[in-house]
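1. Pasted the sequence and its predicted model underneath.
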Amino acid sequence: MRLAGNWTIASRPPSVHDIENQLRTNKQLKKITFDAAGIDGWDSSLIAFLRNVLKLGETAGIAVLTDGLPHGVQRLVRLAAAVPERTGARKDSMPEPLLARIGAQAVNFSLGTRDMLAFIGDAFCAFCKFLTGAARFQRSDFLSSIQSCGIESLPIVSLISLLVGLILAFVGAVQLRMFGAQIYVADLVGIAMVRVMGAIMTGIIMTGRMGAAFAAELGTMQVNEEIDALETMGISPMEFLVLPRMLALTLMMPLLCLYADLMGILGGMIVGVGMLDLNVHEYFNQTRGAVTLTFMWIGLFHSIVFGVLVALAGCLRGMQCGRSASAVGNATTSAVVTGIVSIIVATAIITVICDVLGI
């Protein structure tokens with residue numbers, strides 16, 4: 001058994017399930033030896049892994065030789081085996097102190113922030129290599145992501161955007177009807193959809209659709225050790241897996257945003273024409289007079305930022321996924337939550353900046 005890399009708790013060491021399956025299927029196996037020349041660093045997680053291997057070998061009647069391990073590891077393994085587990089021992093559950101919980105949350109937050117910044121830096125480097133033509137990825141993956149992010153997302157974007165336009169028109173009509181200003185429903189819906197609501201709704205839809213899909217795809221590849229295989233072959237997962245997905249979603253988001261704007265305005269027109277006694281011509285003219293190119297560029301800028309954030313959130317959680325089925329589900333959930341929160345925070349920041357700049 002060849003051991004290599006960092007065997008620490010932070011690096012998520014592998015489980016012994018694969019070894020157990022091999023012992024169960026390979027009945028001719030007589031002994032297990034270790035080659036630890038490639039180990040860069042280790043802690044107690046390596047000792048726990050070796051103890052589990054020793055237990056499996058003892059159960060299966062297979063000799064486990066530790067001669068190939070570092071001397072420090074051998075001593076700790078012998079020490080762990082020399083102290084038998086107490087029979088009848090009982091673990092008393094103690095409530096964790098408040099300060100300990102706060103400290104653990106702070107440490108987890110700092111580690112998560114560090115990993116996120118490192119991932120963003122790696123993604124930026126991969127994008128720079130793409131601009132110089134040095135990035136390596138499959139064109140078919142990029143085109144497949146374009147299709148998933150683009151044409152296949154139109155039905156759900158159409159439905160949600162149309163309903164949002166209807167809702168905005170209904171809410172505005174309740175107040176505007178009191179002053180006989182029903183025509184300004186066109187202004188309300190047009191400005192809201194083009195400036196921010198179209199981009200926000202598209203971003204949230206793509207978070208639930210593509211952000212979760214990216215996390216599930218990469219998480220499953222992590223479980224199947226496909227990403228480890230790419231790294232072994234010298235292929236960067238950031239270029240081969242993350243970059244095409246990020247480019248595809250970033251390119252498709254502005255187009256989907258424009259489409260969502262049109263569908264939202266159509267929803268407002270349905271309410272205006274069907275319930276407020278407006279005609280299509282005057283509703284169209286009122287919308288054209290209210291919506292400016294500045295509003296449209298602001299909305300498109302929102303959509304580009306949202307596309308990058310959603311793609312990064314989905315790929316980040318997928319690359320951080322553990323090696324179990326439940327870990328894939330947790331990564332998918334975390335990707336959706338991270339994407340939605342980042343969209344809301346980015347919207348608030350961009351809105352404040354636009355207000356300060358007077359646009």
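-> Arrived safely, thanks for sending. Since the structure is predicted, the reported quantities are computational estimates derived from the model, not experimental observations. Numbers count the residues shown, from 1 in each chain.
2. before we move on, what SS does residue 74 have?
-> Look at residue 74: counting by DSSP: H, G, I helix; E, B strand; the rest coil, its state is helix.
3. What is the neighbour count of it?
-> Residue 74 is flanked by 16 other residues according to other CB atoms under 10 Å. Just so you know, the C-beta spots here come from the backbone N, C-alpha and C atoms, and that holds for glycine as well.
4. Which per-residue confidence value corresponds to the closest residue to residue 343 other than its chain neighbours?
-> Leaving aside its sequence neighbours, residue 343 sits nearest to residue 203 (CB to CB, 6 or more residues apart in numbering; 4.6 Å). Note for residue 203: predicted pLDDT of 93.
5. just checking, what packs against the helix or strand residue 203 falls within?
-> Residue 203 is part of helix 198-206, with elements assigned from DSSP states H and E. With contacts taken as 3 or more CB pairs under 8 Å, 6 or more residues apart in numbering; DSSP states H and E, helix 198-206 sits against helix 154-176, helix 243-275, helix 293-319, helix 325-357.
6. Throw those into a markdown table and include mean pLDDT, thanks.
-> Putting the helices and strands packed on helix 198-206 into a markdown table (pLDDT from 0 to 100) gives the following:
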| stretch | mean pLDDT |
| --- | --- |
| helix 154-176 | 89 |
| helix 243-275 | 90 |
| helix 293-319 | 91 |
| helix 325-357 | 90 |
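7. among these, which is nearest residue 118?
-> Nearest of these to residue 118, taken as CB to CB: helix 293-319 at 9.9 Å.
8. Compare the helices and strands packed on helix 198-206 and report which one is nearest to residue 213.
-> In terms of CB to CB, the element of the helices and strands packed on helix 198-206 nearest to residue 213 is helix 293-319, at 7.2 Å.
9. between the closest one and helix 243-275, how many degrees?
-> Computed by axes from the mean of the first three to the mean of the last three CA atoms, to 10 degrees, the angle separating helix 293-319 from helix 243-275 equals 130 degrees.
10. counting contacts, what elements does helix 293-319 pack onto?
-> Contacts defined by 3+ CB pairs under 8 Å, 6+ apart place helix 293-319 against helix 98-131, helix 198-206, helix 212-223, helix 243-275, helix 325-357.
11. and those, which is most packed in?
-> Greatest average neighbour count among those goes to helix 198-206 (a mean of 26), per mean count of other CB atoms under 10 Å.
12. follow-up on the earlier one: residues contacting the residue nearest to residue 343?
-> 253, 302-303, 306-307, 309-310, 339, 343 (CB atoms under 8 Å, 6 or more residues apart in numbering).
13. try residue 241
-> Here residue 241 is in contact with 137, 141, 218, 221, 227, 230, 315 (criterion: CB under 8 Å, 6+ apart).
14. Buried subset of those as a ChimeraX selection?
-> Selection of buried members from these for ChimeraX, criterion 16 or more other CB atoms under 10 Å:
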select :137,218,221,227,230,315
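15. Can you tell me which of the contacts of residue 241 is closest to residue 14?
-> Closest to residue 14, out of all of the contacts of residue 241 and judged by CB to CB, is residue 227, at 13.3 Å.
16. how does this protein divide into domains?
-> Here the domain parsing of the chain from automatic domain parsing is 2-82, 128-357.
17. can you redo those domains as TSV with distance to residue 102?
-> As requested, the domains of the chain are exported to TSV (distance: least, CB to CB, whole Å):
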stretch	distance to residue 102
domain 2-82	21
domain 128-357	21
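18. Can you say which of the ones you listed is nearest to residue 113?
-> Closest to residue 113 of the domains of the chain is domain 128-357 (CB to CB; 11.8 Å).
19. Between the two ends of that closest one, how far is it?
-> Taking CA to CA, to the nearest Å, domain 128-357 runs 30 Å from one end to the other.
20. The residue nearest to residue 343 and residue 194: what is the separation?
-> Distance of residue 203 to residue 194, given as CB to CB, to the nearest Å: 15 Å.
21. Among the helices and strands packed on helix 293-319, single out whichever gets nearest to residue 171.
-> Closest to residue 171 of the helices and strands packed on helix 293-319 is helix 243-275 (CB to CB; 10.0 Å).
22. And that closest one, how far out from the chain middle?
-> Offset of helix 243-275 from its chain centre (CA atoms, centre = their mean, to the nearest Å): 23 Å.
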